[in-house]
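J.: pasted the sequence and its predicted model underneath.
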Amino acid sequence: MVKDKLSKKNWFIITLFCFMGGIAWNTENMYFNTFITNEIYADVSQAAILGSMEATTAVARMVALSAIAAVVTTFIMGALSDKLKNRKMFISVGYILWGIVTAMFGFITKENVANLFNLTDEARILGTTVWFIILMDIVMTFMGSTSNDAAFQAWVTDVTVPKQRPAVETVLSVVGTVSSFAVTGVGSFAQAGTITYKIFFAVLGLIVTLCGIIGLFLIKDPPRTAQIKSSSNYLADLLYGFRPSVIKVNARLYLSLVSFCFAIVAFQVFYPYLLTYVQYVVIPDNGGVSNILKPSVIITAVVVVIVLLVCIVTLLKLSTKKRGFCLVTGVVVLTLGFFMLSTSTSIYVILISILPVVIGNALVNILFGATIKDFIPEGKAGLFQGVRMIFAVMLPMVIGPVIGDMACQKAAQTIINEVGAEVIVPAKNMFLWAGVICVFALIPLYFLVKKGVDTVENKPEEIGSIA
(Lines give C-alpha, C1' and ligand atoms only; values in the text may rest on other atoms or scores of the structure.)
Protein backbone atom coordinates (compact mmCIF):
# COMPACT_ATOMS: atom_id res chain seq x y z
CA MET A 1 0.00 0.00 0.00
CA VAL A 2 1.41 3.40 -0.99
CA LYS A 3 1.30 5.99 1.79
CA ASP A 4 -0.74 9.18 1.37
CA LYS A 5 2.38 11.28 1.82
CA LEU A 6 5.63 10.79 -0.06
CA SER A 7 8.73 10.43 2.07
CA LYS A 8 11.36 13.17 2.03
CA LYS A 9 13.77 10.65 0.50
CA ASN A 10 11.44 9.91 -2.41
CA TRP A 11 10.85 13.64 -2.95
CA PHE A 12 14.62 14.11 -3.09
CA ILE A 13 15.03 11.25 -5.59
CA ILE A 14 12.22 12.58 -7.78
CA THR A 15 13.71 16.09 -7.74
CA LEU A 16 17.32 15.00 -8.29
CA PHE A 17 16.68 12.55 -11.12
CA CYS A 18 14.18 14.83 -12.81
CA PHE A 19 16.71 17.68 -12.72
CA MET A 20 19.61 15.56 -13.98
CA GLY A 21 17.42 13.88 -16.58
CA GLY A 22 16.34 17.34 -17.69
CA ILE A 23 20.00 18.35 -17.95
CA ALA A 24 20.69 15.46 -20.33
CA TRP A 25 17.46 15.79 -22.35
CA ASN A 26 17.78 19.56 -22.73
CA THR A 27 21.42 19.25 -23.74
CA GLU A 28 20.31 16.86 -26.47
CA ASN A 29 17.10 18.60 -27.53
CA MET A 30 18.43 22.15 -27.45
CA TYR A 31 22.19 22.14 -27.97
CA PHE A 32 22.85 19.25 -30.31
CA ASN A 33 20.81 21.38 -32.73
CA THR A 34 22.90 24.53 -32.21
CA PHE A 35 26.02 22.32 -32.30
CA ILE A 36 25.08 21.26 -35.84
CA THR A 37 24.46 24.84 -37.02
CA ASN A 38 27.29 26.62 -35.18
CA GLU A 39 30.02 23.97 -35.44
CA ILE A 40 29.29 21.51 -38.25
CA TYR A 41 27.82 24.01 -40.75
CA ALA A 42 29.93 27.00 -39.73
CA ASP A 43 32.58 26.66 -42.43
CA VAL A 44 31.10 24.43 -45.15
CA SER A 45 30.68 25.55 -48.76
CA GLN A 46 27.43 25.98 -50.67
CA ALA A 47 28.37 22.95 -52.79
CA ALA A 48 28.78 20.79 -49.70
CA ILE A 49 25.35 21.83 -48.42
CA LEU A 50 23.72 21.18 -51.80
CA GLY A 51 25.48 17.82 -51.97
CA SER A 52 24.23 16.71 -48.55
CA MET A 53 21.42 18.51 -46.68
CA GLU A 54 20.37 21.82 -45.12
CA ALA A 55 21.07 22.36 -41.41
CA THR A 56 17.34 22.46 -40.57
CA THR A 57 16.84 19.16 -42.42
CA ALA A 58 19.71 17.59 -40.47
CA VAL A 59 18.08 18.70 -37.22
CA ALA A 60 14.67 17.35 -38.29
CA ARG A 61 16.15 13.95 -39.16
CA MET A 62 18.10 13.75 -35.92
CA VAL A 63 15.06 14.61 -33.81
CA ALA A 64 12.80 12.16 -35.69
CA LEU A 65 15.16 9.18 -35.52
CA SER A 66 15.95 9.92 -31.89
CA ALA A 67 12.23 9.90 -31.10
CA ILE A 68 11.73 6.54 -32.84
CA ALA A 69 14.66 5.13 -30.88
CA ALA A 70 13.16 6.50 -27.66
CA VAL A 71 9.84 4.76 -28.24
CA VAL A 72 11.33 1.40 -29.26
CA THR A 73 13.64 1.54 -26.24
CA THR A 74 10.85 2.42 -23.84
CA PHE A 75 8.66 -0.41 -25.11
CA ILE A 76 11.41 -2.98 -24.71
CA MET A 77 12.97 -1.73 -21.49
CA GLY A 78 9.70 -0.67 -19.81
CA ALA A 79 8.24 -4.14 -20.18
CA LEU A 80 11.59 -5.65 -19.16
CA SER A 81 11.73 -3.52 -16.00
CA ASP A 82 8.23 -4.81 -15.15
CA LYS A 83 9.31 -8.39 -15.80
CA LEU A 84 12.51 -8.14 -13.75
CA LYS A 85 10.76 -6.00 -11.07
CA ASN A 86 13.88 -3.87 -10.72
CA ARG A 87 13.56 -0.20 -11.64
CA LYS A 88 16.62 0.79 -9.58
CA MET A 89 19.27 -0.79 -11.80
CA PHE A 90 17.64 0.43 -14.99
CA ILE A 91 17.58 4.00 -13.64
CA SER A 92 21.04 4.10 -12.07
CA VAL A 93 23.10 2.24 -14.69
CA GLY A 94 21.17 4.02 -17.43
CA TYR A 95 22.04 7.45 -16.04
CA ILE A 96 25.71 6.48 -15.72
CA LEU A 97 25.94 5.44 -19.38
CA TRP A 98 23.69 8.32 -20.49
CA GLY A 99 26.17 10.83 -19.08
CA ILE A 100 29.19 9.10 -20.62
CA VAL A 101 27.66 9.16 -24.12
CA THR A 102 26.70 12.84 -23.69
CA ALA A 103 30.29 13.70 -22.76
CA MET A 104 31.57 12.02 -25.94
CA PHE A 105 29.66 14.35 -28.28
CA GLY A 106 32.21 17.14 -28.11
CA PHE A 107 34.75 14.91 -29.85
CA ILE A 108 32.64 14.67 -33.03
CA THR A 109 34.15 17.02 -35.62
CA LYS A 110 34.33 16.99 -39.41
CA GLU A 111 38.10 16.53 -39.17
CA ASN A 112 37.83 13.49 -36.88
CA VAL A 113 35.14 11.93 -39.04
CA ALA A 114 37.15 12.55 -42.21
CA ASN A 115 40.20 10.90 -40.66
CA LEU A 116 38.17 8.00 -39.25
CA PHE A 117 36.54 7.13 -42.60
CA ASN A 118 39.37 8.39 -44.84
CA LEU A 119 37.15 10.95 -46.62
CA THR A 120 38.28 13.88 -48.78
CA ASP A 121 35.11 15.07 -50.56
CA GLU A 122 33.56 17.98 -48.59
CA ALA A 123 29.94 16.98 -49.22
CA ARG A 124 30.61 13.41 -48.10
CA ILE A 125 32.47 14.65 -45.02
CA LEU A 126 29.53 16.90 -44.09
CA GLY A 127 26.91 14.21 -44.72
CA THR A 128 28.87 11.51 -42.87
CA THR A 129 29.49 13.82 -39.91
CA VAL A 130 25.78 14.63 -39.65
CA TRP A 131 24.82 10.95 -39.80
CA PHE A 132 27.51 10.10 -37.23
CA ILE A 133 26.00 12.69 -34.90
CA ILE A 134 22.54 11.21 -35.52
CA LEU A 135 23.85 7.69 -34.75
CA MET A 136 25.44 8.85 -31.50
CA ASP A 137 22.23 10.69 -30.64
CA ILE A 138 20.32 7.41 -31.06
CA VAL A 139 22.76 5.67 -28.69
CA MET A 140 22.32 8.47 -26.18
CA THR A 141 18.55 8.25 -26.54
CA PHE A 142 18.66 4.51 -25.82
CA MET A 143 20.41 5.21 -22.52
CA GLY A 144 18.11 8.09 -21.62
CA SER A 145 14.88 6.33 -22.53
CA THR A 146 15.91 3.19 -20.63
CA SER A 147 16.71 5.08 -17.46
CA ASN A 148 14.30 8.02 -17.57
CA ASP A 149 11.33 7.31 -19.83
CA ALA A 150 10.96 3.61 -19.07
CA ALA A 151 12.28 3.09 -15.55
CA PHE A 152 12.16 6.45 -13.75
CA GLN A 153 8.66 7.37 -14.97
CA ALA A 154 7.40 3.91 -14.01
CA TRP A 155 9.12 4.21 -10.61
CA VAL A 156 7.37 7.54 -9.99
CA THR A 157 4.05 5.91 -10.85
CA ASP A 158 4.86 3.02 -8.48
CA VAL A 159 5.61 5.29 -5.49
CA THR A 160 2.62 7.62 -5.93
CA VAL A 161 -1.17 7.48 -5.80
CA PRO A 162 -3.67 9.66 -7.78
CA LYS A 163 -4.10 12.32 -5.08
CA GLN A 164 -0.31 12.89 -4.98
CA ARG A 165 0.29 13.04 -8.73
CA PRO A 166 -0.78 16.62 -9.55
CA ALA A 167 1.73 17.83 -6.94
CA VAL A 168 4.38 15.44 -8.23
CA GLU A 169 3.76 16.44 -11.85
CA THR A 170 3.98 20.10 -10.81
CA VAL A 171 7.36 19.46 -9.20
CA LEU A 172 8.52 17.48 -12.24
CA SER A 173 7.45 20.30 -14.54
CA VAL A 174 9.03 23.05 -12.43
CA VAL A 175 12.27 21.11 -11.93
CA GLY A 176 12.35 20.29 -15.64
CA THR A 177 11.98 23.99 -16.44
CA VAL A 178 14.75 24.89 -13.99
CA SER A 179 17.02 22.29 -15.58
CA SER A 180 16.35 23.79 -19.02
CA PHE A 181 17.28 27.24 -17.67
CA ALA A 182 20.45 25.78 -16.16
CA VAL A 183 21.42 24.14 -19.45
CA THR A 184 20.60 27.32 -21.37
CA GLY A 185 22.70 29.38 -18.96
CA VAL A 186 25.76 27.19 -19.44
CA GLY A 187 25.01 26.43 -23.08
CA SER A 188 24.85 30.12 -24.00
CA PHE A 189 28.62 30.26 -23.40
CA ALA A 190 29.14 27.40 -25.85
CA GLN A 191 26.72 28.96 -28.34
CA ALA A 192 28.63 32.25 -28.13
CA GLY A 193 32.01 30.50 -28.40
CA THR A 194 33.16 31.50 -24.91
CA ILE A 195 33.67 27.83 -24.06
CA THR A 196 33.98 24.93 -26.48
CA TYR A 197 31.17 22.47 -27.09
CA LYS A 198 33.63 19.76 -26.02
CA ILE A 199 33.87 21.23 -22.51
CA PHE A 200 30.13 21.91 -22.40
CA PHE A 201 29.13 18.34 -23.27
CA ALA A 202 31.83 16.80 -21.06
CA VAL A 203 30.89 18.73 -17.90
CA LEU A 204 27.15 18.14 -18.16
CA GLY A 205 27.63 14.49 -19.14
CA LEU A 206 29.83 13.76 -16.13
CA ILE A 207 27.28 15.39 -13.80
CA VAL A 208 24.57 13.06 -15.13
CA THR A 209 26.90 10.07 -14.65
CA LEU A 210 27.51 11.11 -11.04
CA CYS A 211 23.73 11.18 -10.48
CA GLY A 212 23.49 7.57 -11.69
CA ILE A 213 26.20 6.51 -9.25
CA ILE A 214 24.28 8.17 -6.40
CA GLY A 215 21.16 6.28 -7.48
CA LEU A 216 22.88 2.94 -6.90
CA PHE A 217 22.94 3.75 -3.19
CA LEU A 218 19.80 5.87 -2.83
CA ILE A 219 16.96 4.37 -4.90
CA LYS A 220 14.84 1.52 -3.59
CA ASP A 221 12.02 -0.19 -5.42
CA PRO A 222 8.77 -0.03 -3.41
CA PRO A 223 6.90 -3.25 -2.49
CA ARG A 224 4.38 -2.25 -5.13
CA THR A 225 6.99 -2.90 -7.85
CA ALA A 226 7.61 -6.44 -6.60
CA GLN A 227 3.86 -7.16 -6.82
CA ILE A 228 3.68 -6.35 -10.55
CA LYS A 229 2.04 -9.15 -12.52
CA SER A 230 3.85 -10.05 -15.70
CA SER A 231 3.34 -12.89 -18.12
CA SER A 232 5.92 -15.40 -19.29
CA ASN A 233 5.28 -14.14 -22.82
CA TYR A 234 7.51 -11.09 -23.26
CA LEU A 235 6.06 -10.30 -26.72
CA ALA A 236 2.56 -10.24 -25.23
CA ASP A 237 3.79 -7.72 -22.65
CA LEU A 238 5.17 -5.48 -25.40
CA LEU A 239 1.90 -5.53 -27.37
CA TYR A 240 -0.44 -5.34 -24.38
CA GLY A 241 -1.27 -1.65 -24.81
CA PHE A 242 -2.37 -2.19 -28.43
CA ARG A 243 -5.12 -4.70 -27.69
CA PRO A 244 -8.52 -3.38 -28.81
CA SER A 245 -10.04 -4.59 -25.53
CA VAL A 246 -7.43 -2.70 -23.52
CA ILE A 247 -7.96 0.48 -25.57
CA LYS A 248 -11.74 0.24 -25.22
CA VAL A 249 -11.75 -0.19 -21.44
CA ASN A 250 -9.06 2.48 -20.99
CA ALA A 251 -10.64 4.96 -23.43
CA ARG A 252 -9.91 7.96 -21.22
CA LEU A 253 -6.21 7.09 -21.14
CA TYR A 254 -6.01 6.99 -24.94
CA LEU A 255 -8.08 10.17 -25.38
CA SER A 256 -5.65 11.88 -22.98
CA LEU A 257 -2.70 10.60 -25.00
CA VAL A 258 -4.12 11.71 -28.37
CA SER A 259 -4.97 15.20 -27.13
CA PHE A 260 -1.57 15.53 -25.47
CA CYS A 261 0.05 14.34 -28.71
CA PHE A 262 -1.40 17.19 -30.76
CA ALA A 263 -0.19 19.75 -28.22
CA ILE A 264 3.32 18.29 -28.19
CA VAL A 265 3.45 18.02 -32.00
CA ALA A 266 2.68 21.76 -32.07
CA PHE A 267 5.49 22.45 -29.60
CA GLN A 268 7.98 20.34 -31.59
CA VAL A 269 7.28 22.35 -34.75
CA PHE A 270 9.52 25.11 -33.38
CA TYR A 271 11.29 23.78 -30.28
CA PRO A 272 14.27 22.09 -32.03
CA TYR A 273 14.95 25.36 -33.86
CA LEU A 274 14.23 27.76 -31.00
CA LEU A 275 17.75 28.67 -29.88
CA THR A 276 18.94 29.00 -33.47
CA TYR A 277 15.95 31.28 -34.13
CA VAL A 278 16.87 33.44 -31.13
CA GLN A 279 20.54 33.58 -32.11
CA TYR A 280 20.18 34.35 -35.81
CA VAL A 281 16.79 36.09 -36.06
CA VAL A 282 15.53 37.58 -32.78
CA ILE A 283 18.79 39.05 -31.51
CA PRO A 284 19.81 40.66 -34.85
CA ASP A 285 16.27 41.98 -35.50
CA ASN A 286 16.33 43.70 -32.10
CA GLY A 287 19.71 45.38 -32.50
CA GLY A 288 21.93 42.88 -30.70
CA VAL A 289 22.27 41.50 -27.18
CA SER A 290 23.06 44.88 -25.61
CA ASN A 291 19.82 46.35 -26.93
CA ILE A 292 17.80 43.38 -25.65
CA LEU A 293 19.24 43.81 -22.16
CA LYS A 294 18.14 47.43 -21.78
CA PRO A 295 16.07 48.33 -18.65
CA SER A 296 12.65 48.45 -20.37
CA VAL A 297 13.07 44.90 -21.67
CA ILE A 298 14.25 43.60 -18.30
CA ILE A 299 11.32 45.25 -16.50
CA THR A 300 8.89 43.73 -19.02
CA ALA A 301 10.49 40.30 -18.48
CA VAL A 302 10.18 40.59 -14.68
CA VAL A 303 6.50 41.56 -14.94
CA VAL A 304 5.90 38.60 -17.28
CA VAL A 305 7.57 36.18 -14.82
CA ILE A 306 5.46 37.48 -11.89
CA VAL A 307 2.22 37.21 -13.85
CA LEU A 308 3.25 33.72 -15.01
CA LEU A 309 3.79 32.45 -11.50
CA VAL A 310 0.49 33.88 -10.22
CA CYS A 311 -1.52 32.49 -13.15
CA ILE A 312 0.06 29.02 -13.04
CA VAL A 313 -0.36 28.64 -9.26
CA THR A 314 -3.98 29.87 -9.42
CA LEU A 315 -4.94 27.55 -12.27
CA LEU A 316 -3.19 24.55 -10.70
CA LYS A 317 -5.14 25.09 -7.48
CA LEU A 318 -8.34 25.26 -9.51
CA SER A 319 -7.37 22.09 -11.36
CA THR A 320 -7.79 19.97 -8.23
CA LYS A 321 -11.55 20.43 -8.65
CA LYS A 322 -11.91 21.33 -12.34
CA ARG A 323 -9.14 19.52 -14.20
CA GLY A 324 -11.11 19.34 -17.44
CA PHE A 325 -11.74 23.07 -17.49
CA CYS A 326 -8.07 23.80 -16.80
CA LEU A 327 -6.92 21.41 -19.54
CA VAL A 328 -9.15 23.12 -22.11
CA THR A 329 -7.93 26.50 -20.86
CA GLY A 330 -4.33 25.36 -21.18
CA VAL A 331 -4.71 24.23 -24.79
CA VAL A 332 -6.60 27.37 -25.83
CA VAL A 333 -4.11 29.71 -24.14
CA LEU A 334 -1.16 27.78 -25.63
CA THR A 335 -2.68 28.09 -29.11
CA LEU A 336 -3.18 31.84 -28.75
CA GLY A 337 0.42 32.20 -27.62
CA PHE A 338 1.70 30.42 -30.73
CA PHE A 339 -0.33 32.69 -33.00
CA MET A 340 1.00 35.76 -31.17
CA LEU A 341 4.62 34.59 -31.60
CA SER A 342 4.07 34.25 -35.35
CA THR A 343 3.25 37.95 -35.75
CA SER A 344 6.56 39.65 -34.94
CA THR A 345 10.22 39.22 -33.95
CA SER A 346 10.07 42.27 -31.65
CA ILE A 347 11.42 41.40 -28.21
CA TYR A 348 8.40 43.04 -26.55
CA VAL A 349 5.92 41.03 -28.61
CA ILE A 350 7.90 37.88 -27.85
CA LEU A 351 7.95 38.55 -24.10
CA ILE A 352 4.19 39.21 -24.04
CA SER A 353 3.56 36.12 -26.20
CA ILE A 354 5.67 33.97 -23.88
CA LEU A 355 3.08 34.57 -21.17
CA PRO A 356 0.28 32.46 -22.73
CA VAL A 357 2.75 29.95 -24.17
CA VAL A 358 4.38 29.16 -20.81
CA ILE A 359 1.06 29.18 -18.91
CA GLY A 360 -0.56 26.91 -21.50
CA ASN A 361 2.44 24.63 -21.75
CA ALA A 362 2.69 24.28 -17.96
CA LEU A 363 -0.99 23.37 -17.65
CA VAL A 364 -0.85 20.96 -20.58
CA ASN A 365 2.27 19.14 -19.35
CA ILE A 366 1.37 19.02 -15.66
CA LEU A 367 -2.30 18.11 -16.00
CA PHE A 368 -1.97 15.69 -18.90
CA GLY A 369 1.02 14.10 -17.14
CA ALA A 370 -1.05 13.52 -14.00
CA THR A 371 -4.12 12.41 -15.97
CA ILE A 372 -2.18 9.86 -18.01
CA LYS A 373 -0.62 8.38 -14.86
CA ASP A 374 -4.05 8.27 -13.20
CA PHE A 375 -5.61 6.32 -16.05
CA ILE A 376 -2.78 3.76 -16.45
CA PRO A 377 -4.12 0.43 -15.09
CA GLU A 378 -2.81 -0.46 -11.64
CA GLY A 379 0.38 -2.52 -11.69
CA LYS A 380 1.08 -1.99 -15.40
CA ALA A 381 3.10 1.23 -15.42
CA GLY A 382 5.98 -0.38 -17.30
CA LEU A 383 3.73 -1.90 -19.96
CA PHE A 384 2.20 1.47 -20.81
CA GLN A 385 5.37 3.58 -20.88
CA GLY A 386 5.97 2.62 -24.51
CA VAL A 387 2.40 3.56 -25.45
CA ARG A 388 2.85 6.88 -23.67
CA MET A 389 6.10 7.46 -25.55
CA ILE A 390 4.46 6.94 -28.95
CA PHE A 391 2.03 9.77 -28.29
CA ALA A 392 4.23 12.02 -26.15
CA VAL A 393 7.56 11.60 -27.93
CA MET A 394 7.71 9.64 -31.19
CA LEU A 395 4.80 11.13 -33.13
CA PRO A 396 5.49 14.70 -31.95
CA MET A 397 9.22 14.52 -32.61
CA VAL A 398 8.82 12.84 -36.00
CA ILE A 399 5.98 15.04 -37.29
CA GLY A 400 6.70 18.38 -35.58
CA PRO A 401 10.29 19.04 -36.75
CA VAL A 402 9.43 18.01 -40.32
CA ILE A 403 6.64 20.60 -40.39
CA GLY A 404 9.02 23.12 -38.82
CA ASP A 405 11.68 22.35 -41.45
CA MET A 406 9.11 22.85 -44.23
CA ALA A 407 8.04 26.16 -42.68
CA CYS A 408 11.65 27.35 -42.42
CA GLN A 409 12.51 26.36 -45.99
CA LYS A 410 9.34 28.01 -47.30
CA ALA A 411 10.29 31.25 -45.54
CA ALA A 412 13.85 30.85 -46.92
CA GLN A 413 15.43 33.10 -44.28
CA THR A 414 19.20 32.62 -44.48
CA ILE A 415 22.51 33.64 -42.96
CA ILE A 416 25.94 33.74 -44.62
CA ASN A 417 28.47 31.44 -42.94
CA GLU A 418 32.24 31.88 -42.65
CA VAL A 419 32.95 30.85 -46.24
CA GLY A 420 30.08 32.78 -47.85
CA ALA A 421 27.53 29.95 -48.16
CA GLU A 422 23.85 30.53 -47.46
CA VAL A 423 22.48 28.49 -44.53
CA ILE A 424 18.73 28.41 -43.92
CA VAL A 425 17.73 29.44 -40.39
CA PRO A 426 14.32 29.24 -38.63
CA ALA A 427 11.63 31.86 -39.27
CA LYS A 428 8.64 33.10 -37.26
CA ASN A 429 6.09 31.37 -39.52
CA MET A 430 6.87 28.09 -37.74
CA PHE A 431 4.82 29.40 -34.78
CA LEU A 432 1.80 29.88 -37.04
CA TRP A 433 1.90 26.21 -38.02
CA ALA A 434 2.30 25.27 -34.35
CA GLY A 435 -0.86 27.19 -33.50
CA VAL A 436 -2.88 25.52 -36.25
CA ILE A 437 -1.87 22.04 -35.08
CA CYS A 438 -2.58 22.85 -31.43
CA VAL A 439 -6.23 23.57 -32.27
CA PHE A 440 -6.72 19.88 -33.08
CA ALA A 441 -5.90 18.93 -29.46
CA LEU A 442 -9.31 20.25 -28.50
CA ILE A 443 -11.17 17.50 -30.42
CA PRO A 444 -10.13 14.45 -28.33
CA LEU A 445 -10.06 16.68 -25.25
CA TYR A 446 -13.78 17.41 -25.75
CA PHE A 447 -14.60 13.69 -25.62
CA LEU A 448 -12.27 13.18 -22.65
CA VAL A 449 -14.01 15.90 -20.63
CA LYS A 450 -17.37 14.44 -21.66
CA LYS A 451 -16.34 11.01 -20.32
CA GLY A 452 -15.14 12.51 -17.04
CA VAL A 453 -11.52 13.56 -16.73
CA ASP A 454 -11.95 14.54 -13.07
CA THR A 455 -12.93 11.04 -11.86
CA VAL A 456 -10.17 8.47 -11.41
CA GLU A 457 -11.48 6.21 -8.67
CA ASN A 458 -12.79 3.65 -11.17
CA LYS A 459 -9.49 3.20 -12.99
CA PRO A 460 -9.46 -0.28 -14.55
CA GLU A 461 -6.93 -2.64 -13.04
CA GLU A 462 -6.54 -5.15 -15.86
CA ILE A 463 -8.28 -6.85 -18.74
CA GLY A 464 -8.22 -10.52 -17.95
CA SER A 465 -4.79 -12.13 -18.16
CA ILE A 466 -1.76 -10.33 -19.51
CA ALA A 467 -0.68 -13.37 -21.47
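T.: Perfect, I can see it now. Numbers count the residues shown, from 1 in each chain.
J.: run a quick neighbour tally on Val63.
T.: 27 (other CB atoms under 10 Å). Where C-beta positions appear, they are placed from N, C-alpha and C, glycine not excepted.
J.: give me the three-state assignment for it.
T.: Three-state call for Val63 (DSSP: H, G, I helix; E, B strand; the rest coil): helix.
J.: okay, the nearest residue to it once chain neighbours are set aside: pLDDT?
T.: Leaving aside its sequence neighbours, Val63 sits nearest to Pro401 (CB to CB, 6 or more residues apart in numbering; 4.4 Å). pLDDT, Pro401: 90.
J.: Pro401 reaches Val59, doesn't it?
T.: Yes. Pro401 lies in contact with Val59 (CB atoms under 8 Å); the separation is 6.5 Å.
J.: and for the two, which residues touch both?
T.: With contacts taken as CB atoms under 8 Å, 6 or more residues apart in numbering, Pro401 and Val59 have Pro272, Tyr273 as neighbours in common.
J.: of the two, who's got more company?
T.: Pro401 (30 against 27).
J.: the helix or strand harbouring the more buried one packs against which elements?
T.: If you go by DSSP states H and E, Pro401 is part of helix 395-411. Counting contacts by 3 or more CB pairs under 8 Å, 6 or more residues apart in numbering; DSSP states H and E, helix 395-411 is packed against helix 55-84, helix 251-270, helix 429-439.
J.: packing partners of the following helix or strand past it?
T.: Next helix or strand after helix 395-411 toward the C-terminus (DSSP H and E): strand 414-416. Contacts defined by 3+ CB pairs under 8 Å, 6+ apart place strand 414-416 against strand 422-424.
J.: buried ones in the strand it packs on?
T.: Val423, Ile424 (16 or more other CB atoms under 10 Å).
J.: do the same with stretch 147-165
T.: For stretch 147-165, by 16+ other CB under 10 Å, it's 147-161, 164-165.
J.: ditto for stretch 402-409
T.: Within stretch 402-409, judged by 16+ other CB under 10 Å, the buried ones are Val402, Ile403, Gly404, Asp405, Met406, Ala407, Cys408.
J.: number of nearby residues for the residue nearest to the third one when sequence neighbours are not counted?
T.: Closest residue in space to Gly404, ignoring its immediate chain neighbours: Val269 at 4.4 Å, by CB to CB, 6+ apart. For Val269, the tally of surrounding residues (other CB under 10 Å) stands at 29.
J.: same question, Tyr348
T.: 13.
J.: which of the helices or strands spans the residue lying closest to it once chain neighbours are set aside?
T.: Distance criterion CB to CB, 6+ apart; nearest residue to Tyr348, sequence neighbours excluded, is Thr300 at 6.2 Å. Using DSSP H and E, Thr300 sits in helix 295-319.
J.: give the buried residues for the helix or strand following that helix.
T.: Heading C-terminal from helix 295-319, the first helix or strand you meet, by DSSP H and E, is helix 323-341. Using 16+ other CB under 10 Å as the test for burial, helix 323-341 gives 323-324, 326-341.
J.: show residues contacting helix 323-341.
T.: So helix 323-341 is in contact with 259, 263, 266, 315-316, 318-319, 349-350, 352-364, 367-368, 370-371, 428, 431-432, 434-435, 438-439, 441-442, 445, 448-449, 453-454, going by CB under 8 Å, 6+ apart.
J.: list only buried entries from these.
T.: 259, 263, 266, 315-316, 319, 350, 352-364, 367-368, 370-371, 428, 431-432, 434-435, 438, 441-442, 445, 448-449, 453.
J.: where does Arg224 land on pLDDT?
T.: Reported pLDDT for Arg224: 67.
J.: returning to what we had before: where is pLDDT lowest across the buried residues of stretch 402-409?
T.: Per-residue pLDDT puts Cys408 lowest of the buried residues of stretch 402-409, at 86.
J.: quick one: mean pLDDT for stretch 410-419?
T.: Here the average pLDDT along stretch 410-419 is 79.
J.: got it, and stretch 177-184?
T.: Here the average pLDDT along stretch 177-184 is 84.
J.: determine how far it lies from the middle of the whole chain.
T.: 13 Å (CA atoms, centre = their mean, to the nearest Å).
J.: same check, this time on stretch 307-327
T.: The chain centre lies 22 Å from the centre of stretch 307-327; the measure is CA atoms, centre = their mean.
J.: do stretch 20-31 as well
T.: 8 Å.
J.: what of stretch 127-140?
T.: Per CA atoms, centre = their mean, the centroid offset for stretch 127-140 relative to its chain is 19 Å.
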